[in-house]
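[1] No letters, just coordinates:
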């Protein structure tokens, strides 16, 4: 039996070897590159049509079993350990660890007590040219959800 | 002896009771509200002048010992546990946990192998009006650092 | 050799691909949808008859080995980590983490020292229509068990 | 300096010794017994007026420092360990651990991919008379939040 | 402010120095030596009368604050770490770790699916004379609670 | 290659499907049901003769490799996590966690400083009829071992 | 209130500053240097006479509270973390981690299934002169305890 | 592909079934029984000659792949968890946990600041006859390494 | 499907059995021995050309699947546990654990607040002859990155 | 009672406020700046003379109790968590985590099986000018210790 993790590995290795772009797969699926990559990394479920479209764009002929895996809502969580060891992902964790209480203080001062949703949420990753070295810009955009009184 | 954690608590309680804004303290210190809040939350060191300026803006008359604490480069890390329990901060952790491998895939496709710096880094937190409910926008902006061959 | 976890994955993928409802399987098994889903997710043992009935309703022709797995009382626990990473399940964990001492205080004030049983226990999950967005209602219902003096 | 945890302990000990009811404090604060208890257990911030009202209902004359603590949005999380050791609270954790994937399966079948909010959320704890032994009924009620496509 | 842990330490040190027996305190409290010791070790709450009786038997004149602590239902859990380091207590943990699945297999074969209650539960600790060296006999006695079908 | 864990699973599934009793296997092996079950759960080594006898009683024709596994002294420990998630086994852990310091206090008062052996140790699990619901009785019986002075 | 850990620190600092030898304290107490040091490090309880004798030998005039602490059977475990960070103690942990299964294999081959007692146990630490650099010799000597059949 | 852990299991099962002694394998390899056992348990690398000699002594005809595994310097560490669950090995861990600070105190008093090497290190395991029950004697012998000033 | 970890094992076993040198592989790849070894240990991605060159130098004829694995940017982190158990690697961890705050203090005094990059980073490992025993010299060389004000 | 950690904090705050250099303290103590800083950070013991000299250089008049603390061999380990949260120190941990198996492979190829000592060890931290941004150079230098055969 194939697991979702093995399917992800297969997709990534195939993509690397054949130099396919996530944005091309996303165009075929009809969603953003962020959403589509997350789905193929095993964190979002695809509809049957989206799953077949992704397979075509990748040049992979998914079996029924693989389509079923892509359609199943995954048990989310992409990291093998609570604190990530990969340096790129660790830097994001570090931002949360070091500046978490700062973000909390500023969001609560602006909005009152509540949270930024991670569900009604989009993200956008882009390159910002800079003469001192190009920069990564990550925009996290989530609905503010206030705590209820009752 | 006062610890940095106790000083943070004192600053926050005083600010809450007297309804002082982080942006007003930031103006006095001469840095952004994000930088200043992080400094007063114990994650960045202030110069002696910045420390006194912050004390004045808060209406707190810092002792020498408190100024020394604010001047010391802190052992960074604002969370009591590796996985944060506070819901607002957890949502940020969840974004990293669920979408970490996605961000890694997209940054590496765009820039090659490397990371987004969490040091040559700024963040900006703002409110975005939305008829379906205002949104929190967090912009993370860090220099791309490529892995070296050697 | 098949493991219980692999059998669960097989059932879920098959169910997703063929769009079968838990409530239909439950009707065939003769128990509630909550009990039946938990059993097929590997947390409750089925009798031999229930296991065959579930197989028929799913359109899966279970082998003797698979029937034996479904009949075995499982080593319970459905989560791969102590703190769940899946956002839906994490929200339930968060409720326990944030409001745990509150529930303890209110149950003990009402009933005296004791617990709510998680064994003599039922749960019911339903949808509540709401113009501002439908709501999930989860009712947990367990016998109060007082601590004994002796 | 008093910490929020010490203030909670003081409130609870005082309440126990003088046999005060959470519902009486809640009536004075003007919120439900669940919300009010959670606030006094250090998981929700009170307004200045609510903090004074709670103090009067308890017969405690809170100092300015204590009022400031009650007004501060807390770093939420009421448990000293990720897996709770207290038997009453552990049973709730056990329900999440054993039935978490079941709840996920049933909510997703009914609503599609998304979560039950733990922020736009209320809970209600009550006693249900039963000749075989009274039962605890906990109703968790949260808005369904669908994952966005984008 | 005194904590429950400090009060426990005070009781134990006083008992050791003055060579008082738990069974004598238990007689004054009117419960078994097991129940009374657990209460004074901070794992069970005493009534106001029991708390005063224990104080008299120990020759300690408890303050109102101490009585309130003894009356409060504790956040149970007597061990500083999930795996105990004390050799006597570790041996008990080892029995659970090594023979846990054995006990599960035998209880489920005899009673069907369910658990032994740790709430409707008594324990008895006694000495059994043996020419090869006296033995400790611990009898754990809990009501069997079957899992419900529903 | 078969592992000991896989062999255990095979034995348990076979026993469940064919409704064999541990006590019947124990009679064939010539030891108590507690000892025999623990051995077949992978916590005690069997002699070659005992291993063949168990195989016959179970109706399993063990291969040489399986006999070798049953003969090997195992790396003991039957739980996949330090804190067990299975409710039946957790209740036993809870008894140790909540009452561990109590048992320590009572054993040391009776015997002096030392431990109850978990090696020179037997356990007995039985059913005790009770009109309010039958009870599980677990008797733990271990030699007292005093700490040496030297 | 003094804790046992604080008393240990006081003893060690006093001993260091005044250059007192553990063996001299041991002679006064009437036990070996290993036993006496362990007792003063908070891992073994002293009798009232031994506690006073140790105080005299150290030139510390213990208070009644301190004597009571030294007389109380400690909750054993001398390390702040499960894996020790101190290099000297880590090397001992490393020996157990790297050679643990080796020691198990050799003891079981020689003695059959069982353990080396850590209770009926003595240790001896000495210096062995060696031209290539003196060596530390640690002799661990514990009774073999065979597992029982029953 | 075979892993080192699987090869270890194969060696141990074969040795058990055929009742081969570690000391006989050691004689063939030309090292002590402690060193040889550790090597075959996967903690030390063998030379090509030693690997073939061990295979002959065991009556196992190692493949090239198996010889390569035995020749590779292993990633050392023989325990599946930081705190061992096997009772025999746990007792050794317990000695380090309970007496670790004692050993540190005595070694530092005798030698000054430094450690006992776990590399320039030998161990010897033997049986000591004793009328009250034979004893296990473990001698750990390591070079003292002083901390450098510089 | 092959995993990256299995490929690493295959490379290492092959290299050991055939006594190939990392520096020879590095020469073929055209990078330093440190960079090349890290790449083949699964911590750096190779270009398609580098992957084929490494295969030739090793005498391994990599399949397309293996080349794809070597080309994929890995999820970095080479250790199975957060605290390494292998003695050689543990010593490096120990240096960080014991001297981490020292390095922080000295770097910050020299450069101001910031870090040493682990990305714009090279390392060099060499042997230094010494009559008292040759020494390992590890040079870590990373760009200083100052924290930004903003 | 002062703890070693509090004394460290006092020294660092005093040094920061008064802008004293570690190298000046080191000159007074007569050791390198690395050794002296580590000692004052609580990781190495000072002689009585060195402790007084450090106090004079810092302009702190240490009490007897403080001198005793500085003279005591510390329980080493400078980090509050096994994985450091401070970014500067984390980068060092990351180097060990990512390149640990690489360093092991290269050291073992060069020297044979063994380790780099962390005791017979020195480190040197310096600034290397670089037009693209100055670099931190950390040289770790430790004696190679071969594993013994025996």
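    Ah, there it is. Since this is a predicted model, take the numbers as computed values, not measurements.

[2] can we go C-alpha only for contacts and neighbour counts from here?
    Will do.

[3] Next, the contact list for residue A:109, please.
    Residue A:109 makes contact with residue B:21, according to Cα atoms under 8 Å, 6 or more residues apart in numbering or on different chains.

[4] any idea how far it lies from residue E:57?
    For residue A:109, the distance to residue E:57 equals 54 Å [Cα to Cα, to the nearest Å].

[5] can you check residue A:74 too?
    Taken as Cα to Cα, the span from residue A:74 to residue E:57 is 60 Å.

[6] Find the closest residue to chain C in chain A.
    Among the residues of chain A, residue A:76 lies closest to chain C, at 4.5 Å counting by Cα to the nearest Cα.

[7] Would it be right to say that residue A:145 lies in a strand?
    Yes. Using DSSP: H, G, I helix; E, B strand; the rest coil, the assignment for residue A:145 is a strand.

[8] so it makes contact with residue D:120?
    Yes. Between residue A:145 and residue D:120 there is a contact under Cα atoms under 8 Å: 7.1 Å.

[9] Residue for residue, what is the longest strand chain A has?
    Scanning chain A for the longest strand, with DSSP state E as the assignment, gives strand A:114-128.

[10] Now do the buried residues in that one.
    For strand A:114-128, the neighbour count (16 or more other Cα atoms under 10 Å in any protein chain shown) marks A:114, A:115, A:116, A:117, A:118, A:119, A:120, A:121, A:122, A:123, A:125, A:127 as buried.

[11] Within reach of chain B, which of the residues you listed are there?
    A:114, A:115, A:116, A:117, A:118, A:125, A:127 (Cα under 8 Å from any Cα of the partner chain).

[12] residues in contact with the second one?
    Spelled out, that is residue A:115. Contacts for residue A:115 (Cα under 8 Å, 6+ apart) come out as A:107, A:144, A:145, A:146, A:147, B:87, B:88, B:91, D:119.

[13] Please name the nearest non-neighbouring residue to the residue positioned nearest the centre of chain A.
    Centroid-nearest residue in chain A: residue A:38, 3.6 Å away (criterion: Cα atoms, centre = their mean). Leaving aside its chain neighbours, residue A:38 sits nearest to residue B:102 (5.2 Å; criterion: Cα to Cα, 6 or more residues apart in numbering or on different chains).

[14] Would you mind confirming that that neighbour is in contact with residue A:41?
    Yes. Taking Cα under 8 Å as the definition, residue B:102 is a contact partner of residue A:41 at 6.6 Å.

[15] So which residues of chain A form strands?
    Taking DSSP E, the strands of chain A run over residues A:114-128, A:135-146.

[16] In a markdown table: those strands, plus mean pLDDT.
    Below are the strands of chain A laid out as a markdown table (pLDDT from 0 to 100):
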| stretch | mean pLDDT |
| --- | --- |
| strand A:114-128 | 97 |
| strand A:135-146 | 98 |
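
[17] would you list those in CSV and tack on distance to residue I:34?
    Shown next, in CSV, are these (distance: least, Cα to Cα, whole Å):
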stretch, distance to residue I:34
strand A:114-128, 31
strand A:135-146, 28
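
[18] count of neighbours near residue A:58?
    By the criterion of other Cα atoms under 10 Å in any protein chain shown, residue A:58 has 22 neighbours.

[19] what's the distance between it and chain F?
    Residue A:58 sits 37 Å away from chain F, going by Cα to the nearest Cα, to the nearest Å.

[20] ok, now which ones touch that residue?
    By Cα under 8 Å, 6+ apart, the contact list for residue A:58 reads A:11, A:14, A:15, A:20, A:25.

[21] The same query, at a cut-off of 10 Å, please.
    Counting by Cα atoms under 10 Å, 6 or more residues apart in numbering or on different chains, residue A:58 touches A:11-12, A:14-15, A:18-22, A:24-25, A:28, A:52.

[22] what about burial for these, which qualify?
    Among these, those buried by neighbour count (16+ other Cα under 10 Å) are A:11, A:12, A:14, A:15, A:20, A:21, A:22, A:25, A:28, A:52.

[23] And the pLDDT at the closest residue to the fifth one other than its chain neighbours?
    Of all residues not flanking residue A:20 in the chain, residue A:58 sits nearest, at 7.1 Å (Cα to Cα, 6+ apart). At residue A:58, the model reports a pLDDT of 97.

[24] Likewise for residue A:1?
    You'll see residue A:1 listed with a pLDDT of 71.

[25] I'd say it and residue C:3 touch.
    No. Taking Cα atoms under 10 Å as the definition, residue A:1 is not a contact partner of residue C:3, at 11.3 Å.

[26] so where's the longest helix in chain A?
    Longest helix in chain A by number of residues, with DSSP state H as the criterion: helix A:87-111.

[27] how about it: buried residues?
    Neighbour counts using 16+ other Cα under 10 Å place A:87-109, A:111 of helix A:87-111 among the buried residues.

[28] Please parse chain A into its domains.
    As recorded under automatic domain parsing, the domains making up chain A are A:4-71, A:87-146.

[29] Can you give me the end-to-end span of the last one?
    According to Cα to Cα, domain A:87-146 extends 34 Å from its N-terminal end residue to its C-terminal end residue.

[30] ok, now the longest one?
    Across its full length, domain A:4-71 reaches 11 Å end to end, with Cα to Cα as the criterion.

[31] what number of residues lie near residue A:80?
    10.

[32] pLDDT value on it, please?
    Looking at residue A:80, its pLDDT reads 95.

[33] which phi and psi does it have?
    Taking degrees, to the nearest 10, you get phi -70, psi -20 for the backbone angles of residue A:80.

[34] if we can go back for a sec, can you lay out the contacts of residue A:115 as a markdown table showing distance to residue A:33?
    Formatted as a markdown table, these follow (distance: Cα to Cα, whole Å):
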| residue | distance to residue A:33 |
| --- | --- |
| A:107 | 28 |
| A:144 | 24 |
| A:145 | 26 |
| A:146 | 30 |
| A:147 | 32 |
| B:87 | 28 |
| B:88 | 26 |
| B:91 | 22 |
| D:119 | 29 |
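
[35] what about the residue lying closest to residue A:41 once chain neighbours are set aside, distance to chain F?
    Take residue A:41 and drop its neighbours on the chain: the residue closest to it by Cα to Cα, 6+ apart is residue A:8, 5.6 Å away. Noted for residue A:8: a distance of 27 Å to chain F, by Cα to the nearest Cα.
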